[in-house]
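Peer 1: structure for this input, please:
(6 chains)
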Protein chains: 6
Amino acid sequence: MLLSASIAEGSGSMRIQIINPGSAAATRVAAAARTFAGPGTEIAAVTVDDAPASIEGPVEAALALPGILDALVLGAAGGAVAHVIASFDDPGLDAARALARGPVIGIGEAAFHCASLVAGRFTVVTTHVRTVPVLAGNLDRYGLSRRCAGIRAAEVSLLALDDPHSAARDRVSAEIDRAIREDRAEAIVLGMAGMVELARSLAIEHGLPVVEGVSAAVRLAEGLVALGLPTSKIGGWAPPRRKSLPPRLAGAVD
Amino acid sequence: MLLSASIAEGSGSMRIQIINPGSAAATRVAAAARTFAGPGTEIAAVTVDDAPASIEGPVEAALALPGILDALVLGAAGGAVAHVIASFDDPGLDAARALARGPVIGIGEAAFHCASLVAGRFTVVTTHVRTVPVLAGNLDRYGLSRRCAGIRAAEVSLLALDDPHSAARDRVSAEIDRAIREDRAEAIVLGMAGMVELARSLAIEHGLPVVEGVSAAVRLAEGLVALGLPTSKIGGWAPPRRKSLPPRLAGAVD
Amino acid sequence: MLLSASIAEGSGSMRIQIINPGSAAATRVAAAARTFAGPGTEIAAVTVDDAPASIEGPVEAALALPGILDALVLGAAGGAVAHVIASFDDPGLDAARALARGPVIGIGEAAFHCASLVAGRFTVVTTHVRTVPVLAGNLDRYGLSRRCAGIRAAEVSLLALDDPHSAARDRVSAEIDRAIREDRAEAIVLGMAGMVELARSLAIEHGLPVVEGVSAAVRLAEGLVALGLPTSKIGGWAPPRRKSLPPRLAGAVD
Amino acid sequence: MLLSASIAEGSGSMRIQIINPGSAAATRVAAAARTFAGPGTEIAAVTVDDAPASIEGPVEAALALPGILDALVLGAAGGAVAHVIASFDDPGLDAARALARGPVIGIGEAAFHCASLVAGRFTVVTTHVRTVPVLAGNLDRYGLSRRCAGIRAAEVSLLALDDPHSAARDRVSAEIDRAIREDRAEAIVLGMAGMVELARSLAIEHGLPVVEGVSAAVRLAEGLVALGLPTSKIGGWAPPRRKSLPPRLAGAVD
Amino acid sequence: MLLSASIAEGSGSMRIQIINPGSAAATRVAAAARTFAGPGTEIAAVTVDDAPASIEGPVEAALALPGILDALVLGAAGGAVAHVIASFDDPGLDAARALARGPVIGIGEAAFHCASLVAGRFTVVTTHVRTVPVLAGNLDRYGLSRRCAGIRAAEVSLLALDDPHSAARDRVSAEIDRAIREDRAEAIVLGMAGMVELARSLAIEHGLPVVEGVSAAVRLAEGLVALGLPTSKIGGWAPPRRKSLPPRLAGAVD
Amino acid sequence: MLLSASIAEGSGSMRIQIINPGSAAATRVAAAARTFAGPGTEIAAVTVDDAPASIEGPVEAALALPGILDALVLGAAGGAVAHVIASFDDPGLDAARALARGPVIGIGEAAFHCASLVAGRFTVVTTHVRTVPVLAGNLDRYGLSRRCAGIRAAEVSLLALDDPHSAARDRVSAEIDRAIREDRAEAIVLGMAGMVELARSLAIEHGLPVVEGVSAAVRLAEGLVALGLPTSKIGGWAPPRRKSLPPRLAGAVD
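Peer 2: Numbers count the residues shown, from 1 in each chain, chains lettered A, B, ... in the order given. Next up is the predicted model:
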């Protein structure tokens, strides 16, 4: 159960698949992934069909799940050795891992792990209050709620954030101020997929690490592949029985 | 935000929808629901289209989610005032609650709550080891892992359990013996949808409460409706934005 | 160990005993229980002799315990198949369960369980600050502190709350406002026994579920009896040795 | 709010009251307390009237509570500046603290605190399995469950343990062996009130600290008095309202 | 493994070593220890060579560790039967325990244990914000974070606090006010070594127990010695292998 | 506060410092680091002077701390942009982070994070039982104890493990067998620095991911540098005051 074999069979470069559950941030996400990928890495970004434009809560996430799995199985068949699920609430992570051979990383998960390596406590600043319970639940499952000092919703739209002089950016910045003072946050996790420039400028402004998830996930995925670490196939992420799967997914468990 | 109004508008009886994510146990589940429903309750059981026959892990659960939501929205439009998701790993509970007005109860969740009212510690005996991490995660989210003394997989098929003299029943019984001795379990939660006769005979054999989920969920759903308690619509289960939904679901958020 | 036998031996109706540890709220509690009981349920309400008029902390609870147990044993002898302890801090729950055959439900406990079925997070609004640590400890034992967003004392007297236009009601309402804003509460548990009308009006005013304990406990007790679930008699709630008991209680362990 | 004043008013010696909820171990408990008390300490041991001979679970504890409070109030009136509740499951600790001015220490609590100062992990070896959930709950409330490696019931009678060559002693010793091997216990808490000689001989035999509760509680009570630390009277242990109390207790809250 | 032997070999008095990791508070610490020591106790206070003047975070603590261990081994060789580490963040507690035979108590640890015996919840008021995460981690390890209502940094210098009319004292007092109102603290732990007069005057001013660590540690150490409880030598605090130690420490593991 | 500036000032390659607290494994550790480092990474390995040959518990760790900090400050002055502490119990992580500008990664910490990305539950297999409590405490602080299914000591020497046919390897393998069966482990963390070949062969033998810490730490450190994430300098890892430091460290806080 070593991942390196399958990589060695490839072309020498490592292909990492970025799965966009929603279309809204797809371009920005792919750009972030490519910017931060290492020299030998090929980014293969796909957007899930038939899913809501953006995942803003459990309903959109539920509707996107079958498409995420379809995309993953297609990506693996096409040579991807690792997969990134590019929605900050990490939809379908367990199901994807049960179907994948290589690592599968959620961008929220990646950001939380990286933040806990550079800060004793971090606050998550996200877009809408509806995602707060989802992120809180994820942090619990990952174990990292202990390192999380708070989850704050800036109530901004991602679109507005593309403008560096928007009021939206000010609101995110104001939440970071509050996180430092009220939560004793030592780092910030930005709950907005692919906002690497925003993260960089906020880090300079506030003088603390600001972690963005897509870039973090790409680097963690690369690292796990380089270490030869596949997703475990025993226990909770064991592959489903072939007969439980529709034909389009059955190839994943051969 | 009182549920009683919508019930009063109905015919005098309370309609509870049972959503079977898989077809395998549908008949048994519906029978269990009808047996334990109160006199004024009408059980409306549906099976999700296009889903795996049974939910045995996160992949099958993911594939069933859109169908669960479709069924729920149709059921609510048809007059159901509460909904039971009849798979022991409670797939889609958060998404379903975000779309529903009345209570939505998972059968695993229902069994855990009832067990914790009649015993200080309970052990869950389920079918396959692959569901163990899912149940452990659910217990954490519900808060009831503190009352859970163990989760044991009997590695039996539901089909075999229909035969009261099968080896499968003996294996479940043997796990209960171990749960009492090794886990200090004071009650058992049977992780097998609708197995009310099995639960009854095991309770007599082992001299402790054995909780079955479908019956428990029906009674809890009835109780919440009678108490006039709807699902909260603020916070994590707030309805999604209408434009995020496909037309078949959009009616739920009008 | 099935409860149904003892019920079947009865007259066809299910008798649920409501034990009032203090006399102050006895009338209101009995009325709430009768209003929310199902059609086949007979409510037998008793008030504990020799106890403080109302339970406002651990001392009053301690003084009420022997009387609660006396009442329970008498009630069971008189045909009650389930028991509700009608003080919000659930005094004597473990001891009562060790003496009872049928389910014993605390009204605080009942309200917490019901709230966690209709909301991801709930805040408890109670009368006096002295009860806050008791409730916090109970929530921990039940496992549900994870779902509890806060416990707030409105510092009101129950008497004043009987007047719908009192300042007391306004203070409770103001705490609910704060709970929604500061705790991100999605439901409210009202820590005031039997205040069903108040709960109803606050639910309408604030647009979220407000759970009252007596009504919740009656419905849960009915449900457990209907499911044939007795209190477990192995482990922590095993009956005491007969010789440890005074004559008036010894009959309970025959 | 300094305790030293009331001590200074005394005779120069510090009187510590030992409250025996049951009569069975009273002589042994008083002897243990006197053996380990410091030179300036006077031990005033009382046995609660009308209580079961020994506390073996929640029912006996409930029945003993009013008598414990009566004894405490009498003891304080008679000059005791600290109180030890000498039953290993610490019955009535919160209520007693709400009535007391000086420190109140439970012998279970005392043993757990002392064990966690001399060992990273300790196992509790107690008499009967029925007390296990009570002790587990107490450890949670005290916070020390994190340091507890296990709770084991030796299923022995205290009477038998008085004989150093009894089979009972062998069973306790065998549980300690298992605790060291299976729980990685680094110390033992002996859940048997006043068994100081047994603790001493088991410590020599097994080569690890064995903590007995009565002696530990006496020393902690002395220490808190010497430090001038009373029981806090704000929050959870604030005194009850005078009018809630029967006349025999009302003097405690003047 | 009984401690009493080594004490019996001594001169009749019990020698407790106070190890000052930094020199800044050494005089005050020794005075506090002597004031609160029992009549038969001899206080042997030493200051660690080559360490920072005061421990204000993990770097100073790390630099002080070898000197703490040197001091402890010398102290034990000189007849000390227990050791107190007199810095509020308890540096080197595990390593010291692995080298010691008698009890080793940290002053932070001692204060937390004493506070949790006299109050349901306590707030820690410390000097600088940098120590907050260290104290939070310690509370977790001791298990007592459950009883801790908050950790507040008054941002004062110890020097300034020596003046009873300084602004520094007012800031500490103001934090206590906030702790009572905002944290519902029922007692205060003063995170400032040896400030016994300050603790006493704040207790009177605010009407709740205020615990100081040096005095608490001396009393706990005396108590453990009197109880014959040594530090456990199996498991996490087993002595290191002799060959791992420099010559100056090797004598400790003979 | 962006790390990229300091890297850009460098020679184009990224220098990562490996700090060996003990000399015993230094060669193997450096080789592992170099094998798994990315193409643009320069590994600068140093061994701490004056420290025990290997860190087998809290005493050795304490003795190594000042040397670890000296090495780190020298390494940073020499151009290292990230630091790996190459002892599995992560000694001095907090102090090192308070002195460093770039990321500091412990090899235990790195392995735990990587394991939790490829498995729902992992068991740690380490050398000696004395390190078990240290690792348990670390997992708690990192938050990842929730994902840890067990910590097992194989009681082997690292020297023996260098021989692939030794009995030592068999014992490690046997513990992995037990971890899979008894702990339901889905991955293994190997608590032995630099044992990359052993990890690889055990992964093949047992069919699950086996994570080695040095390689994991190097990859995580590279990733954090590439992401421009420094160690946070506010809160718990803020630099100490210059005057608290000996001259050899003072340069780190200029």
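
Peer 1: residue A:43 reaches residue A:16, doesn't it?
Peer 2: Yes: counting by CB atoms under 8 Å, residue A:16 is a contact partner of residue A:43 at 5.9 Å. Yep, even glycine has a C-beta here, placed from its N, CA and C like the rest.

Peer 1: how is chain A partitioned into domains?
Peer 2: According to the domain assignment given by automatic domain parsing, chain A is divided into the following structural domains: A:4-106+A:215-253, A:108-213.

Peer 1: next, see if the last one gets close to chain E.
Peer 2: Yes: Domain A:108-213 reaches chain E (CB under 8 Å from any CB of the partner chain) through A:120, A:121, A:184.

Peer 1: take the residues you listed and lay them out in TSV including distance to residue F:152, neighbour count and secondary structure.
Peer 2: Listed next are those as TSV, based on distance: CB to CB, whole Å; neighbours: other CB atoms under 10 Å in any protein chain shown; DSSP: H, G, I helix; E, B strand; the rest coil:
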residue	distance to residue F:152	neighbour count	secondary structure
A:120	29	25	coil
A:121	31	23	coil
A:184	36	21	coil
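
Peer 1: and which of those is nearest chain E?
Peer 2: When the residues of domain A:108-213 next to chain E are compared for distance to chain E, the smallest value, 5.1 Å, is given by residue A:120; criterion: CB to the nearest CB.

Peer 1: pLDDT (mean, whole number) over the helix or strand hosting residue A:63?
Peer 2: In this assignment (DSSP states H and E), residue A:63 forms part of helix A:58-77. Here helix A:58-77 scores 96 as its mean pLDDT.

Peer 1: try stretch A:190-206
Peer 2: If you average the pLDDT over stretch A:190-206, you get 95.

Peer 1: ok, residue A:110 - contacts?
Peer 2: When contacts are counted by CB atoms under 8 Å, 6 or more residues apart in numbering or on different chains, residue A:110 is found next to A:84, A:213, A:216, A:217, A:219, A:220.

Peer 1: would you list these in CSV and tack on secondary structure and neighbour count?
Peer 2: Supplementary listing: the contacts of residue A:110 in CSV, determined by DSSP: H, G, I helix; E, B strand; the rest coil; neighbours: other CB atoms under 10 Å in any protein chain shown:
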residue, secondary structure, neighbour count
A:84, strand, 28
A:213, helix, 33
A:216, helix, 29
A:217, helix, 35
A:219, helix, 27
A:220, helix, 27
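
Peer 1: tell me the spacing between residue A:81 and residue B:81.
Peer 2: When distances are taken as CB to CB, to the nearest Å, residue A:81 and residue B:81 turn out to be 49 Å apart.

Peer 1: an error on my part: the question was meant for residue A:140.
Peer 2: When residue A:140 is compared with residue B:81 (using CB to CB), they lie 31 Å apart.

Peer 1: which one of these two has more residues nearby?
Peer 2: Here residue A:140 and residue B:81 are compared on neighbour count by other CB atoms under 10 Å in any protein chain shown; more neighbours surround residue B:81, at 27 against 18.

Peer 1: give me the pLDDT for the more buried one.
Peer 2: Residue B:81 is assigned a pLDDT of 98 by the prediction.

Peer 1: which non-adjacent residue is nearest the residue sitting nearest the centre point of chain A?
Peer 2: Compute the mean C-alpha point of chain A, and by CA atoms, centre = their mean the closest residue is residue A:107, 1.4 Å away. Taking CB to CB, 6 or more residues apart in numbering or on different chains as the measure, residue A:107 lies nearest to residue A:213, with 3.2 Å between them; neighbours along the chain are not counted.

Peer 1: thought that neighbour was touching residue A:115?
Peer 2: No: applying CB under 8 Å, one finds residue A:213 not in contact with residue A:115, separated by 9.9 Å.

Peer 1: what sits in contact with each of those two?
Peer 2: Contact with both residue A:213 and residue A:115 is made by residues residue A:189, according to CB under 8 Å, 6+ apart.

Peer 1: take the residues of domain A:108-213 next to chain E and write them to TSV, including pLDDT and distance to residue B:135.
Peer 2: Converted to TSV, those look like this (pLDDT from 0 to 100; distance: CB to CB, whole Å):
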residue	pLDDT	distance to residue B:135
A:120	96	33
A:121	96	31
A:184	94	35
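
Peer 1: of these, which fall within the contact range of chain B?
Peer 2: Counting by CB under 8 Å from any CB, no member of those is near chain B.

Peer 1: tell me where chain A has strands.
Peer 2: Using DSSP state E, the strands found in chain A span residues A:14-20, A:41-47, A:82-85, A:104-106, A:122-126, A:148-153, A:187-191, A:210-212.

Peer 1: who are the packing partners of the first one?
Peer 2: The helices and strands touching strand A:14-20, judged by 3 or more CB pairs under 8 Å, 6 or more residues apart in numbering or on different chains; DSSP states H and E, are helix A:26-36, strand A:41-47, helix A:58-77, strand A:82-85, helix A:213-226.

Peer 1: tell me which of the ones you listed is the most buried.
Peer 2: Each of these was assessed for mean neighbour count using mean count of other CB atoms under 10 Å in any protein chain shown. The highest is strand A:82-85, with a mean of 30.

Peer 1: partner strands of it, with direction?
Peer 2: Strand pairing for strand A:82-85, using DSSP bridges, gives strand A:14-20 (parallel), strand A:104-106 (parallel).

Peer 1: pull the residues that contact it.
Peer 2: With CB under 8 Å, 6+ apart as the criterion, strand A:82-85 contacts A:14, A:16-19, A:21, A:33, A:68, A:72, A:75-76, A:91-93, A:96, A:100, A:102-107, A:110, A:214, A:217-218, A:221-222, A:224-225.

Peer 1: equivalent analysis for stretch A:61-70, please.
Peer 2: Contact partners of stretch A:61-70, identified using CB under 8 Å, 6+ apart, comprise A:19, A:21-22, A:48-52, A:55, A:85, A:87, A:89, A:91-92, A:95-96, A:99, A:134, A:248-249, B:59, B:62-63, B:65-66, B:68-69, B:92, B:95, B:245-246.

Peer 1: can you say which of those are buried?
Peer 2: Burial by neighbour count, judged by 16 or more other CB atoms under 10 Å in any protein chain shown, picks out A:19, A:21-22, A:48, A:51-52, A:55, A:85, A:87, A:89, A:91-92, A:95-96, A:99, A:134, A:249, B:59, B:62-63, B:65-66, B:68-69, B:92, B:95, B:245 from the contacts of stretch A:61-70.

Peer 1: if you drop the residues flanking it in sequence, what lies closest to the residue in chain A positioned nearest to chain C?
Peer 2: For chain A, the residue positioned closest to chain C under CB to the nearest CB is residue A:133, at a distance of 5.1 Å. Nearest residue to residue A:133 in three dimensions, chain neighbours excluded: residue B:236, at 3.3 Å (CB to CB, 6+ apart).
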